[in-house]
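**Q** A structural model of the following input is requested.
(chains A and B)
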2 protein chains.
Amino acid sequence: MKIDAKQFRDLDPGQRLLMGPGPSDVPARVLQAMAAPCIGHLDPYFLGVMDETQQLLRYLFQTENPFTIPVSGTGSSGMETCMVNLVEPGDEVVVCVNGVFGTRMADIVGRIGGKLIRVDAEWGRTIDPEDVRRAVQGHRPKVLAVVHAETSTGACQPLEELATIAREAGALFLVDTVTSLGGMEVEVDRLGIDAVYSGTQKCLSCPPGLSPISFSAAAMEALQSRKTPVVSWYLDMGLVGSYWGSERKYHHTAPVNMNYALREAVRIIAEEGLEARFARHRLNHRALVAGVEAMGLKMVVAEHERLPMLNTIQIPDGADDKRVRAALLNEFGIEIGAGLGQFAGKAWRVGLMGHSCRRKNVLLFLGALETILKAEGVAVGPGALEAAAAVYE
Amino acid sequence: MKIDAKQFRDLDPGQRLLMGPGPSDVPARVLQAMAAPCIGHLDPYFLGVMDETQQLLRYLFQTENPFTIPVSGTGSSGMETCMVNLVEPGDEVVVCVNGVFGTRMADIVGRIGGKLIRVDAEWGRTIDPEDVRRAVQGHRPKVLAVVHAETSTGACQPLEELATIAREAGALFLVDTVTSLGGMEVEVDRLGIDAVYSGTQKCLSCPPGLSPISFSAAAMEALQSRKTPVVSWYLDMGLVGSYWGSERKYHHTAPVNMNYALREAVRIIAEEGLEARFARHRLNHRALVAGVEAMGLKMVVAEHERLPMLNTIQIPDGADDKRVRAALLNEFGIEIGAGLGQFAGKAWRVGLMGHSCRRKNVLLFLGALETILKAEGVAVGPGALEAAAAVYE
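**A** Here you go, the predicted model:
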């Protein structure tokens, strides 16, 4: 079996403006770090990179948890990691579902033999803590799991009350922060979160490929006192912990260059500071919404439940979903996300994540969308750019 | 919780010569490709990258299998992927064990509820097909699994007879080619291999982070006719296949830049050609062995069972394992591997993989080792460099 190597051209992806649900734009410094020479996964220098990455991730998660590492897979592998390490067959698990990612957590619980207690809310809304309280009554769940930032809907879940419910029920509190981490407060220790995972390609503005996670002492205790082995060898945090801990015992070959990139991405965040970064996300979000609403378009999520970094916009009557997104991509180089699940064809998902979250991008997006919608014959109100600009004054 | 960003210096891993069990040296072209701008995992350009990567991987595996993709994790995730997709609880699985990686496969079978039928051979030797034939008798195994290139010992497993045994037993033939792929013949279709996985950081000379796999029609049939769900959501190839196939259905966010790197690494292989590449590995291996034996050192594996790309050398009396490896790394910038498992402290593992597999590296390694051993007071024979050089004439 032969192949003609010449048929494969030099890689040239061009330069997109990534304003979808992730990946977000990656700063040149992160790409450069990722392209540094690959060295061994047990090289003393790389062990130092690992230590520093752990420190930086603890800062990001606002935690003192020793077990704070990047899992060698994308954000979804972090979700699976938390579930397979903390849940044993027969364990009751409460999963809050108000979008694609809660649905996915529930799916995983079923695969690994957990007993699912599902609490639903309407897509685009948040979970009502009273519903969770009721669902927990008479049960002794091992884990209570919720998505902080539902990337499929743009809803922002308040965590305080759910943390209390989990604590009172004696359950481990598991939180998906794939889209929130690095873009808004994720206070693991203050809230009493026991297990948390994220992804690199959202508000960290690092390419996809790793999943930062952190386990509390209680989560580590649950892992260590399991009666059955973790069903996944690759994601068995008991084994992986022996590599990231002081033993430095080989488990799998760490994705060396991806770890370079993550370290640099979080170093950039530390330079900006979490407070400033969160304020920047809030500001650009407000400007985007002001512009969108000036055009007469509607946000899917009510104001008090909105995420700053993931903005769902109802597709207006008369606009062709695919044609508008294709025009954004092909004429303006802007990627936004399609609706997912229930929202397919009904909403656009506009990301303002990490490095992509800047004033010039907000204005460019609004200008491009207005131009395209007008060309499509959709009636749009005037003054979108002015409304957005006013927010920055 | 604050952090001082200034405490984290600019990344500077320096330049090692990677002659361990992987990662191997990564060509500049691959690093450059990896640092290209990140784009969306559903961007039309990236979908083209995916298609081309699949074509290149089929060439590498010498297969027409449509389902040939990189799994979004390291080589070990590929091992887990094959097992969790093909094995259901209660299925009998024959695993050949003659090193760390066979042991790992057996471990995974146990975790997912397979019935393990284990065939052992001494470490450093190959599996005797007669032992497998006997083990299979009276059983109806779902899978027969073996490691082609045992990275922990340097033994090269002949596959033809085992393929026949698997076929006759009605079992799927599963082969670990993590270390062999791209450095020696891996003929998936000709041998009738049903499931195969590899890693990027060995003879492909791409950073670690992805695991190329391929499933035959029979393996796909086994996956599609499962009675139980795949225990891993992240590694469920039914779902992942909907993203890599024509549906392009979102499953998880592909590690975009790692996929750029893999495409470039295999493009480089296609330019060299498999035959030329395999010949280069054999040649440098012979030169290395000639030099090592001239020094009076002994190879762990008998000549007819040796891998070309992973050379295990018995640590000579009087040599301090750690001190010699530290001197290679610190004085010459050369990384070699420590012994693993039974061979810890007893063997060195010298990789000649992909981009690292070159004449200048063989000579440099031999010169450095001779220098260090003499400084350690270990008696070494003369003429190592000459013996190696003679192989190239």
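**Q** pretty sure A:Glu386 is touching A:Ala287, no?
**A** No. The criterion here is Cβ atoms under 8 Å, and A:Glu386 misses it with A:Ala287 at 11.0 Å. Heads up, the C-betas are built off the backbone N, CA and C, glycines and all.
**Q** neighbour count winner among the two?
**A** Using other Cβ atoms under 10 Å in any protein chain shown as the criterion, A:Glu386 and A:Ala287 rank with A:Ala287 on top: 22 against 11.
**Q** residue contacts, the more buried one?
**A** Neighbouring residues of A:Ala287 by Cβ atoms under 8 Å, 6 or more residues apart in numbering or on different chains: A:Arg359, A:Val362, A:Ala388, A:Ala389, A:Val391, A:Tyr392.
**Q** Next, find the distance separating the fourth one from chain B.
**A** Going back to what we said before, that points to A:Ala389. Distance check for A:Ala389 against chain B: by Cβ to the nearest Cβ, to the nearest Å, it reads 28 Å.
**Q** can you put the contacts of A:Ala287 in CSV and add neighbour count, secondary structure and pLDDT?
**A** Supplementary listing: the contacts of A:Ala287 in CSV, determined by neighbours: other Cβ atoms under 10 Å in any protein chain shown; DSSP: H, G, I helix; E, B strand; the rest coil; pLDDT from 0 to 100:
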residue, neighbour count, secondary structure, pLDDT
A:Arg359, 15, helix, 98
A:Val362, 29, helix, 98
A:Ala388, 25, helix, 98
A:Ala389, 17, helix, 97
A:Val391, 17, helix, 98
A:Tyr392, 13, helix, 98
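**Q** tell me which of these is nearest to chain B?
**A** A:Val362 (18.9 Å; Cβ to the nearest Cβ).
**Q** so who does the closest one touch?
**A** A:Asn284, A:Ala287, A:Leu288, A:Gly291, A:Leu352, A:Ala388.
**Q** Chain B: which of the residues you listed is nearest?
**A** Checking the contacts of A:Val362 against chain B by Cβ to the nearest Cβ gives A:Leu352 as the nearest, at 15.4 Å.
**Q** mind checking pLDDT for that closest one?
**A** Model confidence at A:Leu352, given as pLDDT, is 98.
**Q** Help me confirm that it comes into contact with A:His285.
**A** Yes. With contact defined as Cβ under 8 Å, A:Leu352 reaches A:His285; the gap is 5.8 Å.
**Q** In a markdown table, list the contacts of A:Ala287 along with distance to B:Pro316.
**A** As requested, these are exported to a markdown table (distance: Cβ to Cβ, whole Å):
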| residue | distance to B:Pro316 |
| --- | --- |
| A:Arg359 | 66 |
| A:Val362 | 67 |
| A:Ala388 | 72 |
| A:Ala389 | 74 |
| A:Val391 | 72 |
| A:Tyr392 | 71 |
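**Q** can you tell me which of those lies nearest to B:Ala368?
**A** Checking the contacts of A:Ala287 against B:Ala368 by Cβ to Cβ gives A:Arg359 as the nearest, at 55.0 Å.
**Q** Could you pull out the helices in the stretch 1-150 of chain A for me?
**A** A:28-34, A:44-61, A:75-86, A:100-111, A:129-136 (DSSP state H, counting those that start in this stretch).
**Q** nearest to B:Ile269, of the ones you listed?
**A** It is, among these and with distance given as Cβ to Cβ, helix A:28-34, at 21.5 Å.
**Q** where does the stretch 251-393 of chain A come near chain B, residue by residue?
**A** Taking Cβ under 8 Å from any Cβ of the partner chain as the criterion, the neighbours of chain B within the stretch 251-393 of chain A are A:251-258, A:260-261, A:263-264, A:267, A:270-271, A:329, A:335, A:340.
**Q** For PyMOL, what selects the buried ones among those?
**A** Command for PyMOL, covering only those of these found buried under the criterion 16 or more other Cβ atoms under 10 Å in any protein chain shown:
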select buried, chain A and resi 251+252+253+254+255+256+257+258+260+261+263+264+267+270+329+335+340
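**Q** Among the residues of the stretch 251-393 of chain A next to chain B, which are located in strands?
**A** Of the positions in these, A:Glu335 sit in strands, assigned by DSSP state E.
**Q** Can you tell me the closest non-neighbouring residue to the residue in the stretch 101-250 of chain A that chain B sits nearest to?
**A** Chain B sits closest to A:Gly209 of the stretch 101-250 of chain A, with a gap of 3.5 Å, by Cβ to the nearest Cβ. Nearest non-adjacent residue to A:Gly209, counting by Cβ to Cβ, 6 or more residues apart in numbering or on different chains: B:Pro255, 3.5 Å away.
**Q** dump the residue contacts of that neighbour.
**A** So B:Pro255 contacts A:Thr74, A:Pro207, A:Pro208, A:Gly209, A:Met258, B:Ser72, B:Gly209, B:Leu210 (Cβ under 8 Å, 6+ apart).
**Q** one more time with 6 Å, if that's ok
**A** Counting by Cβ atoms under 6 Å, 6 or more residues apart in numbering or on different chains, B:Pro255 makes contact with A:Pro208, A:Gly209, B:Ser72.
**Q** Redo these as JSON lines? Include distance to A:Val87, pLDDT and neighbour count.
**A** Below are the contacts of B:Pro255 laid out as JSON lines (distance: Cβ to Cβ, whole Å; pLDDT from 0 to 100; neighbours: other Cβ atoms under 10 Å in any protein chain shown):
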{"residue": "A:Pro208", "distance to A:Val87": "25", "pLDDT": "98", "neighbour count": "28"}
{"residue": "A:Gly209", "distance to A:Val87": "25", "pLDDT": "98", "neighbour count": "33"}
{"residue": "B:Ser72", "distance to A:Val87": "22", "pLDDT": "98", "neighbour count": "27"}
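**Q** Could I get the full set of strands for the stretch 101-250 of chain A?
**A** Applying DSSP state E, counting those that start in this stretch to the stretch 101-250 of chain A gives strands spanning A:115-120, A:143-147, A:149-150, A:155-156, A:172-176, A:195-197, A:211-215.
**Q** So A:Leu352 and A:His285 - more neighbours on which side?
**A** Neighbour tally, A:Leu352 and A:His285, criterion other Cβ under 10 Å: the higher count belongs to A:Leu352, 27 against 23.
**Q** near chain B, which residues of the stretch 1-150 of chain A show up?
**A** Proximity of the stretch 1-150 of chain A to chain B (Cβ under 6 Å from any Cβ of the partner chain) is limited to residues A:1, A:3, A:5, A:8, A:11, A:13, A:15-16, A:20, A:23, A:26, A:31, A:33-40, A:45, A:52, A:59, A:62, A:72-74, A:76-77, A:80, A:107-108, A:111.
**Q** Are any of these buried, and if so which?
**A** Applying 16+ other Cβ under 10 Å to these flags A:3, A:5, A:8, A:11, A:13, A:16, A:20, A:23, A:26, A:31, A:33-40, A:52, A:59, A:62, A:72-74, A:76-77, A:80, A:107-108, A:111 as buried.
**Q** shaky segments in the stretch 101-250 of chain A?
**A** Residue ranges of the stretch 101-250 of chain A with pLDDT under 70: none are present.
**Q** Would you map out the domains in chain A?
**A** For chain A, the domain assignment from automatic domain parsing gives the residue ranges A:28-271, A:274-392.
**Q** With respect to burial, which of these scores highest?
**A** domain A:28-271 (a mean of 22; mean count of other Cβ atoms under 10 Å in any protein chain shown).
**Q** End to end on that one, go ahead and measure it.
**A** This stretch, domain A:28-271, spans 15 Å end to end (Cα to Cα, to the nearest Å).
**Q** chain center to that domain, what's the gap?
**A** 10 Å (Cα atoms, centre = their mean, to the nearest Å).
**Q** Tell me the spacing between A:Leu364 and B:Ala28.
**A** With the distance defined as Cβ to Cβ, to the nearest Å, A:Leu364 ends up 34 Å from B:Ala28.
**Q** these two touch, right, A:Pro207 and B:Pro37?
**A** No. A:Pro207 is beyond contact range of B:Pro37, at 9.8 Å (criterion: Cβ atoms under 6 Å).
**Q** can you pull out the helices in the stretch 201-350 of chain A?
**A** Using DSSP H, counting those that start in this stretch, helices in the stretch 201-350 of chain A cover A:217-224, A:237-244, A:256-272, A:274-294, A:321-332.
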